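A.B. asks: The following block contains a protein sequence and its predicted model.
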Amino acid sequence: MAPLLLYGPPLIGLEPFSMRIVAGLTIVMGLLSCISGGLTHRKFSFVSDKLCAYMGVSIFIAALTGGATASFLSNEILLFCFSCIALVAAILMIAPIKNDMEYPDVTDLEFSRTRAVTAAAGVGFIGGLSCL
């Protein structure tokens, strides 16, 4: 959605949206789809409460910090940060997954707390920067 929101309006003669507006819109859309998907997956017991707690708190704190510091950065820097996140997300979507299961057992889920918190904080901080 971000490229469409950035480059679509000028193509049809409308005033372009700023990166801050585009980031805010895509973050809200992402949040709503995460909530919807999370509730659906929770119904089938595919959600790890422990992992959600670690990553959710980290993302929340980092996004607040990023949002508070966003006013000190230019639109171009925010666009670069957002582009980097989009590139990493695209790579992760096409990367093959080892031992992918149709019906995972989240009670046996093992994860690195350090990696989960670091990844969540990084994404939350950059997302928070892009939001304001």
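C.D. replies: That came through, no problem.
A.B. asks: and residue 48, how many residues sit next to it?
C.D. replies: By other C-beta atoms under 10 Å, 17 other residues sit near residue 48. To be clear about C-beta, it is placed using only N, CA and C from the backbone, and glycine gets the same treatment.
A.B. asks: Tell me how far it lies from residue 112.
C.D. replies: To residue 112, residue 48 is 13 Å away according to C-beta to C-beta, to the nearest Å.
A.B. asks: cool, and residue 75?
C.D. replies: 35 Å.
A.B. asks: so what does the helix or strand containing residue 82 touch, helix or strand wise?
C.D. replies: Secondary structure assigned from DSSP states H and E places residue 82 in helix 75-94. The helices and strands touching helix 75-94, judged by 3 or more C-beta pairs under 8 Å, 6 or more residues apart in numbering; DSSP states H and E, are helix 19-43, helix 113-131.
A.B. asks: Tell me which residues touch the residue nearest to residue 29 when sequence neighbours are not counted, please.
C.D. replies: Nearest in space to residue 29, with sequence neighbours left out and distances taken as C-beta to C-beta, 6 or more residues apart in numbering, is residue 1 at 6.3 Å. By C-beta atoms under 8 Å, 6 or more residues apart in numbering, residue 1 lies in contact with 25-26, 29.
A.B. asks: Correct me if wrong: residue 18 contacts residue 74.
C.D. replies: No - taking C-beta atoms under 8 Å as the definition, residue 18 is not a contact partner of residue 74, at 11.1 Å.
A.B. asks: When these two are compared, which one has more neighbours?
C.D. replies: Set residue 18 next to residue 74 and count neighbours by other C-beta under 10 Å: residue 18 wins out with 13 against 9.
A.B. asks: With adjacent residues omitted, what lies nearest to that one?
C.D. replies: Residue nearest to residue 18 in three dimensions, not counting chain neighbours: residue 75, with 6.1 Å by C-beta to C-beta, 6+ apart.
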